[in-house]
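S.K.: Take this sequence and fold it.
(3 chains)
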Amino acid sequence: MLSFLLAAAALAPANAPTAHGADTFTLKAAHLRLYGNKVVDGGVVKVEQGKVTYAGDAKGAGELGPDVIVHEGWASAGLVAARTWSGLGGEGLEPKRAFTAEARAADVVKLGHADFARARAEGITTMVVALSPANVASGITTVVKTDGATTLARDGHLQLGLSSQALRTNRFPTSYTAAIELIEAELAKPTGVWERVRGGKLPVYLDALSRDEIQRAVALASEHRLTGALLRAPLAGELAGDIKKAGLAVVVGPFGPGEEARVLASVAALGRERVPVAFGLESPASPEALLRVSAAMCMRAGLDPVQAWEGLTTTAAAVAGVGARVGKLAAGCDADIVLWNGDPLQLASKVEGVFIGGVQHESKGGAGHGGAH
Amino acid sequence: MKMLHTTTRAAAIALSACLLASAAAADGKLAIKAGRVLPGPGMPELEKATIVIENGRIAAIGKDVKVPWDAVVIDAPSLVAIPGYVEAHSARGMDRPNENLDVAPFLSVRDSIDPVGFYFEDSLRWGVTTINIQQGNNCVVAGQGVIVRPIGLTVDEMIVRTPSGVKLSASPKMGFSAATQAQALRRAFGDLRRALEQLVAEKKEGSDRARREALYQGRDLEGENAKGKAMEGAAWKVTGLELVPRGEIDEKLVPLLALVEGKLPAFFYCGRPMDVHTALDIAKENGFLAKTTLVIAPAAYKAAGAIAAAKVAVILDGAAVYVETDPLTGEEREVFVPGELKQAGVRFALASANPTTESLWFQAAQCVGRGMPRAEAVAAVTTIPAEILGLGKQLGTLEVGKFGTVVLCSGDPLSVTSWVERVVVEGRDVYDRSKDVRVKHLIGGQAPANTQAMGASLLGDPRKVVCCEGEDPEEHAKHEAEERAKKDKGEAEDDK
Amino acid sequence: MAAATLVAAGESKDQTSWTVSAERVYTATGKVIEEGRVTVEDGKIRSVSKGGGGDLTCHAITPGLIDLSVRIERDLSSIEQSREITPEKRVADALDWFDEAWKREARSGVTSVMINPLERQVVGGLSVVVKTAGESAQQRTVKADSALYGAIGSAPSQSNHAAFGRPDDFYSRRPTTRMGVEWEWRKAFFDAALAREDKNLAGPGTLELQKALAGDLPLCIQAWTTQDIRTAVFLKEELAREGLGKLRLVVDAAAEAWKEPELLVRSATAAILPPFSAIGRSGDGSFFALDTAKVLAERGVTIALSGHGARAASERLCYQPGHAMRGGLAFDAALAAVTINPARIAGIDKRVGSLEAGKDADLVLWSGPPFEATSAVIGVLVDGRLILDPRTQNK
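M.R.: As a prediction, this is how the structure comes out:
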């Protein structure tokens, strides 16, 4: 019985919209990356009205339903970029004022921007859009999907720039001391966004470059019990113990092929100390393909492949604060699914199809599946 | 460039003038009676010994030497006598260290040395009595150097030997890349070869263009210059050069030809390890490796193996302790370069880092501090540079027959508290610290001109004047008024 | 002759108890012990006595050198330039604990250093004294807020300009000249004094200025030339005369103090001298006479020498006493000028500055008589930890 249904389904054109609504179907993939290490051969994902109702092996799938998409390659959850400048159209930097904590990336980002279409083509379905780190408090991030329509979280994190890039000699503050003082003054008498930060309700992104800056950021987070992640922080691995104690994650990257060995080794060290690591971009300055390249470079330097995959999906989603909805294929999650022609952890693999909320979207570079929208 | 203070420059000239006056003693006899004599590295020390200098050379040295009746005696029972230090390579003391021309072997430092500049008196002050002045490192082929003694008001008085050698650089000059520099070096010698070949070809054709050009330029075509000589190049030769009278060879090329024929030493600067290979190749290709001394920056120590294999000596031009930063880890490492050179078997001389507090005495002292035996450290600033300059028989130690160039120190010459008290250069008594005005300025500074009087007149209020120690401002004003009254009274009395 | 190597991770790394012996132990208390031995236990000096043998030997031992003007942290991000008077800012908040300069200083024998704000500010803020090596920032901090630091001379006015055109940043401000610098100093102190009566006049930094006026916080002013040293001393004397307070004054980089030493004598001002210069010419147009240390020491001025964090090995603090001795300073005074004197000036002499039982085990081991150019620093201990291992030297 089952085989007849499957055969019938196989005859149907793979890209035809179904009768029940575009966001309800069953996907059968030769290989299914569920989460962490778990790969299911001949796996099945059932999607109903944009949500995953089942993801696992074929045996436990039960009735597959009328619309079955069969994919010969790999399928996985859509990738999550824990930081990006996509969609801001160059408006992410306020050069005159270093302290604009209430500014929001959500007010600036254009969801339909071409940056997001390019991200989709690389299998990225969720992105944390952040403002420039060249200000002490540039504003609040926003978490969006790359479907051109969905905002997952209007307020993601308060981003604080604690690197030397946030300090200029011709604008207050010019010193680390004054920058930290400003932040601590707000935390002492918190209003607006700071109240949520103080309570731990809103996580922070702490941008830091040199090791002493990372040290300062971690001290700030520890002292005021802030939650969130460090951004960039090359060589953070040397301070992995302190970062772990402070309960912070680290958003690293993007890394290219020429990245310093020390920096990549540092990411591997973070992984060994069980500090949550997520990958980020600086798009559109860097190509979106770098997200997976970053993960691959870190794996070559010794990062556990499980942690590398999590850094692209579940950990990144957790850092983004949307771990319940995206980042993994599991019942209850959004049906953000990417079809690949190979294991997504292999750099040679490319995207063949992208579903966001169960609806297939244009993903240039994919083969065949035209996709309705 | 700060303006030289008029009084110190005048002092410099005065000092030099004193030296000139004592030149008369050169032909006479000088005897130094020193409390201790350290004749040279590894040689036994002498207590209460006498050095007799006649006609500029040491005639006798020892404990029981008799002082000639007609000798001028320097009696220095508390001082230590050492041979003067030898600076094997220095680009100081000149108007400008380099010309803009890439290849200019015909230039000589003789034309740019400033005898009255502070450099030479500083050298003397700190015990350096022989200096090989060469052009700076920003060149391809810079020109010829001169070995001088740091005394005299004119260059000619200073010259010990000219030319001392040709300066070349394997390190890219400003604006050049390593490839361009190497190519420029090769081309310099290639151009020489082509020019010589052309001369020979012209002679065979019967052309007398070269002769007419030489006459037009006023070059000397008599005697030796009228004769042709076969080329003596060890690596390459131009056959038939004997057809060309030597005087007809363009004087711009003559120094390079002398280099290739092994007649002139070469001082080849290498700033980086890779430059060493370029320098050795060029020297080998053109047959002057045997007369080459490398002038190396500390970074080039990494090529010590290649240097040792080529059996060339080295002048370390820079700090003995080289601080380098690892580009990958950012860590700093300190390398004691003379130690590395010694380990590789490279013969080396040290050079001053500055003419005063880090002069040759300090370089030798630093080596001792880093574990080098004292004799070796002292050799690196005396006998080895003397040998490198071809003056090994004249300088570097206090021995009969060598130059009577003696430095008298107030204590251990390598100690920070010792001062050079007297210097004798080739039998001439040229320096006495008790009469050295400039060293007094260095030690004690110059008192500000008339601050007290100036303060009082400019500001009017006596309270603003720097008070005499412990005095109340009002007391001071009273005191000054009294002094003025006394002075007026005194003047009135004089008028009577 | 191996290059000086820092101790690699291994059995020696965490060891804090040692016995160190030498032909001469210079304690900097006035006592020199021939064939002496220093016993170190858990990072502190347990005893200093006669005796030989032990784990480490050398020719001479001195206390760890102390540099009150080491100039690590020259980054502009360490000073708040939006105002010229920032007495409340702590340079300790901006320290880069990963700077290679710490290791450089440590391996050349400097064990405690004072980090000061840059002289670009009229009053840059609060200095801090730290050890050049150690486990953590807390453990290495010897004294927080060790001095209030500022400058008089041409440096504080350099980046400012008179208002012209369209002033689009805060550098269009006073001071642009030495008189402006002096005005800022006097105003800061006068306002702080007034704020004692009228709390409404208090602002950020008032507290620190008041502490300086009360003499509780040493005031360190960088002044190279004699005119600037004079200004600093006159400032102290004016405030005393007006009954506003009694500053505890230290002049940093007092290169021309030899010109008018009576200024420092009558105002009981200590002096930190900059590195000696080969030709006498020194910073801010000053002339630094070679006998300055001797002249001041003879007059009873407390002097400390400094190295300004020189990268070149021959210019570091360990060579400065040699220059001072060449200028006529006696050995004991030269030793004091890099050990107990700076310790007293910074108020840390209970912990460091001399080899006495109970003090921190900060030791320098020398291959010959200390400060001679023929000697080298072959061993360093900081808080009993071996930073430079004399056993790896081929001597």
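
S.K.: Can you verify B:Leu199 is assigned to a strand?
M.R.: No. Under DSSP: H, G, I helix; E, B strand; the rest coil, B:Leu199 sits outside any strand and is assigned helix.

S.K.: That one is in contact with B:Gly247, isn't it?
M.R.: No. Here B:Leu199 does not reach B:Gly247: they are 11.7 Å apart, not a contact under CB atoms under 8 Å. For the C-beta atoms, the positions are set from N, CA and C on the backbone; glycine is no exception.

S.K.: so what's residue 319 up against?
M.R.: No chain was given, so I picked chain A. A:Ala82, A:Val128, A:Pro203, A:Gly228, A:Ala229, A:Ala249, A:Val251, A:Pro276, A:Ala278 (CB atoms under 8 Å, 6 or more residues apart in numbering or on different chains).

S.K.: could you do chain C instead?
M.R.: Shown in contact with C:Tyr319 (CB under 8 Å, 6+ apart): C:Phe371, C:Ala373.

S.K.: How about A:Glu282?
M.R.: A:Arg83, A:Thr84, A:Trp85, A:Pro254.

S.K.: For B:Phe336, give its distance to chain A.
M.R.: Note on B:Phe336: its distance to chain A, by CB to the nearest CB, to the nearest Å, is 28 Å.

S.K.: separation between the nearest residue to that residue once chain neighbours are set aside and C:Glu197?
M.R.: Spatially, and ignoring its direct neighbours in sequence, B:Phe336 is nearest to B:Arg370 (4.5 Å; CB to CB, 6 or more residues apart in numbering or on different chains). According to CB to CB, to the nearest Å, B:Arg370 stands 62 Å off from C:Glu197.

S.K.: can you list the domains in the chain?
M.R.: Picked chain A for this. Here the domain assignment for chain A is A:2-78+A:327-361, A:80-320, based on automatic domain parsing.

S.K.: Oops, wrong one, chain C.
M.R.: Taken from automatic domain parsing, chain C resolves into C:18-64+C:359-392, C:65-346.

S.K.: Turn those into a markdown table, including mean pLDDT and distance to B:Leu328.
M.R.: As requested, those are exported to a markdown table (pLDDT from 0 to 100; distance: least, CB to CB, whole Å):
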| stretch | mean pLDDT | distance to B:Leu328 |
| --- | --- | --- |
| domain C:18-64+C:359-392 | 96 | 23 |
| domain C:65-346 | 95 | 13 |
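
S.K.: among the ones you listed, which is nearest A:Glu181?
M.R.: Nearest of the domains of chain C to A:Glu181, taken as CB to CB: domain C:65-346 at 8.3 Å.

S.K.: Distance from that closest one to the middle of the chain?
M.R.: 8 Å (CA atoms, centre = their mean, to the nearest Å).

S.K.: Spit out the contact partners of B:Thr162.
M.R.: B:Ser108, B:Arg110, B:Gln144, B:Val146, B:Ile147.

S.K.: hmm, 6 Å instead?
M.R.: B:Val146 (CB atoms under 6 Å, 6 or more residues apart in numbering or on different chains).

S.K.: and the residue of the stretch 1-150 of chain A found nearest chain B, how many neighbours does it have?
M.R.: Residue nearest to chain B within the stretch 1-150 of chain A (CB to the nearest CB): A:Pro133, separated by 22.6 Å. Using other CB atoms under 10 Å in any protein chain shown, the number of residues around A:Pro133 comes to 26.

S.K.: and it, what is it in contact with?
M.R.: Residues in contact with A:Pro133, defined by CB under 6 Å, 6+ apart, are A:Gly161, A:Asp207.

S.K.: quick check, it in a helix?
M.R.: No. Counting by three-state DSSP, A:Pro133 is located in no helix; its state is coil.
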